[in-house]
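okay, sequence plus prediction incoming.
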Amino acid sequence: MSLAPYWFRHLRNLATRDPIARAFEDPFSVFMRDPFFRDPVKFIKAATAPLDHVEGVYSDHELKIDGKKVEVHLDVQNFTPDQIQVKTVGNEITVEGKKEIKKEDGWTRSHFERRFLLPDGFPPERVECHLDKGKLKLIAFRAEPLEERSIPIQDKSSGSSENKS
């Protein structure tokens, strides 16, 4: 990471200030006002933090995954059940909400769309959807596990010694 953009920014800021005041100013005090130079570790962590809480403009969903099910909680309190459409296409769940409100001076339109990819082993046929007090809850259940079966062990070592005799 280059420090040149920070230095150039401070040099540009210095150039616009009073030249007499600049002559008496400590040159390093400018850098101490910058958040990067005050605490570089904190600045770099904030700049390189993962953007998992941002989905487009909004981050209004919560995702919970355990071994048996995947849950997605969406805040859809501004939409009625008639205005929300949930569908699966392949291995993807799409939640879309559209509403239009006519006002005296025009229209207000609201629209959102969220897509979630189901992990392997979670078939789209086993997805349920519940709406309660403005919260939409999508639950995808894991496919039924295979029945347990015993596999016989074939002992090759005892069979090969009998063939040699």
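Done, it's in. Numbering: from 1, shown residues only.

endpoints of stretch 76-94, how far apart?
Stretch 76-94 has an end-to-end distance of 14 Å (CA to CA, to the nearest Å).

ok, stretch 84-104 next?
Its start and end residues considered, stretch 84-104 measures 25 Å (CA to CA).

in this protein, which segments are predicted with low confidence?
Counting by pLDDT under 70, the chain shows low-confidence ranges at 1, 3, 5-32, 49-61, 145-147, 158-165.

what segments of it are helices?
With DSSP state H applied, the chain shows helices at 4-15, 19-23, 29-32, 35-38, 40-47, 156-164, listed in chain order.

tell me the helices and strands packed up against the fifth one.
Identification of packing neighbours for helix 40-47 by 3 or more CB pairs under 8 Å, 6 or more residues apart in numbering; DSSP states H and E yields helix 35-38. No exception for glycine: its C-beta is placed from N, CA and C like everyone else's.

what packs against the helix it packs on?
Helices and strands touching helix 35-38, as assessed by 3+ CB pairs under 8 Å, 6+ apart, comprise helix 40-47.
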